[in-house]
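S.K.: any chance you could fold what I've pasted below:
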Amino acid sequence: MKNNKDNRRQFLKNTSLSLLSVAVFPKIVESKNSVLTCDQSTEDAYGQGPFYTANAPTIQNNQLAGVNEIGTRIIISGQVYNLECSEVIPNTEIDVWHANDAGEYDNTGYNLRGRTTTNSQGFYVFESIKPGFYLNGSIFRPSHIHFRITPPGFSTLITQLYFQGDPYIPTDAAASITSGSFDATNRIIPLTLNSNGDLEGTWDIIINGDGVPVGSNNIHIDKGMIYSATPNPFSNHIEINYGVFKKSKVAISVYNLQGKIIATINKKILKAGKYSVSWKPHTNLPKGHYFVSIIINDLQVHYIKIIRQ
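M.R.: Numbering: from 1, shown residues only. Modelled structure (predicted):
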């Protein structure tokens, strides 16, 4: 068993990003020449900070920020993994809070404060606004989101998430740390603009905990993958383009964030080749985030995130 875990970890470290885009696979660092990593998520040097409020409400419909909240919309998502990246950790509580667009915290209520829980596949997602800057003494703090991450039965990780290109990272006492137990390197993530005009970022959390085996096991991208889903976000129709690399039993399925199958779009024996399938969801399907997955010979091989608006 140990050899299998070691082999998987080496695979994660050596697999090239050239095979996949960041939007479709969560273990990838954002860069054309990046590789998959499995480095433990670190604490932030500032810890919890002075603005934490306990007992924040549960985030409803993945919306941390209300629709009238001023600021640039931002969507943060990812998975929670154990230290070997061999298991995802369901039911992890994630408590998040941050400043508003003007760099101010709500210290009397729960605006821009909330809790969510990872689903059966270890996923979390929330939509908010990009936090503003504020002065810390004579120096501005970079835009950041606070996290308290508690896997079932294990210790809580308290940390902060930052964003690439922020002009105040180099001068920040916490975000500028690049080594040791407070190394922020893997907590500075890229943001990309989606077709809806919102910023999106992916942050996978590697933490001490027990979970369930990763659904895609050793990431069998030798069997097939999803190339794209357009338009995304979508409303009434989405086109899913995928490839099968050898003759197999193939299914394309859509899941909600709780891991429940919403639809199985296509299920048949296919020869090696490129394919496309259209999906028109039921009009009653709620707006929000979903995952479309390619399942080959009963094994989930690959998935991408889609958004119904």
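
S.K.: C-alpha only now, for contacts and for neighbours.
M.R.: Fine.

S.K.: show the pLDDT at the residue positioned nearest the centre of the chain.
M.R.: Closest to where the C-alpha atoms of the chain average out (C-alpha atoms, centre = their mean) is Gly78, at 1.7 Å. On pLDDT, Gly78 comes in at 90.

S.K.: ok, now Ile226?
M.R.: Per-residue pLDDT puts Ile226 at 86.

S.K.: the helix or strand encompassing Ser278: partners in the sheet, and parallel or antiparallel?
M.R.: With elements delineated by DSSP states H and E, Ser278 resides in strand 273-279, which encompasses its position. For strand 273-279, the paired strands and their directions (DSSP bridges) are strand 238-244 (antiparallel).

S.K.: starting at the chain centroid, how far to the strand it pairs with?
M.R.: For strand 238-244, the separation from the chain centroid amounts to 21 Å (computed by C-alpha atoms, centre = their mean, to the nearest Å).

S.K.: partners of the following helix or strand past that strand in the sheet?
M.R.: Beyond strand 238-244 in the direction of the C-terminus, DSSP H and E gives the next helix or strand as strand 248-255. Paired strands of strand 248-255, with direction, are strand 261-270 (antiparallel), strand 288-296 (antiparallel) (DSSP bridges).

S.K.: okay if I get the ones you listed as a markdown table plus mean pLDDT, mean neighbour count and distance to Gly180?
M.R.: Supplementary listing: those in a markdown table, determined by pLDDT from 0 to 100; neighbours: other C-alpha atoms under 10 Å; distance: least, C-alpha to C-alpha, whole Å:
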| stretch | mean pLDDT | mean neighbour count | distance to Gly180 |
| --- | --- | --- | --- |
| strand 261-270 | 91 | 14 | 42 |
| strand 288-296 | 88 | 21 | 35 |
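
S.K.: quick one, which of the ones you listed gets closest to Phe51.
M.R.: Comparing those by their distance to Phe51 (C-alpha to C-alpha), the top pick is strand 288-296, with 29.2 Å.

S.K.: sorry, back to before: against Val277, how distant is the residue nearest to the centre of the chain?
M.R.: 26 Å (C-alpha to C-alpha, to the nearest Å).

S.K.: what mean pLDDT does the strand holding Ser278 get?
M.R.: Confidence over strand 273-279 (mean pLDDT, whole number) is 92.

S.K.: swap in stretch 119-131?
M.R.: What stretch 119-131 shows for mean pLDDT is 89.

S.K.: and the end-to-end length of it?
M.R.: Using C-alpha to C-alpha, first and last residues of stretch 119-131 are 26 Å apart.

S.K.: show the backbone phi and psi for the residue of the chain positioned farthest from its centre.
M.R.: Computed with C-alpha atoms, centre = their mean, the maximum C-alpha offset from the centroid of the chain is found at Ser138, amounting to 33.5 Å. The phi and psi values for Ser138, taken as degrees, to the nearest 10, are phi -110, psi 10.

S.K.: can you check Gly78 too?
M.R.: Backbone dihedrals for Gly78, given as degrees, to the nearest 10, come out at phi 170, psi -170.

S.K.: beta partners of it?
M.R.: Counting by DSSP bridges, Gly78 forms beta bridges with Tyr124.

S.K.: wait, doesn't it sit right on Trp203?
M.R.: Yes. Under the criterion of C-alpha atoms under 8 Å, Gly78 is in contact with Trp203, at a separation of 5.0 Å.

S.K.: the stretch 101-250 of the chain: helices as residue ranges?
M.R.: All residues of the stretch 101-250 of the chain lie outside helices when identified by DSSP state H, counting those that start in this stretch.

S.K.: show me the strands in it, by range?
M.R.: Using DSSP state E, counting those that start in this stretch, the strands of the stretch 101-250 of the chain run over residues 113-117, 123-129, 134-136, 139-141, 145-150, 157-163, 188-189, 192-193, 199-202, 205-206, 212-213, 224-230, 238-244, 248-255.

S.K.: great, nothing more from me.
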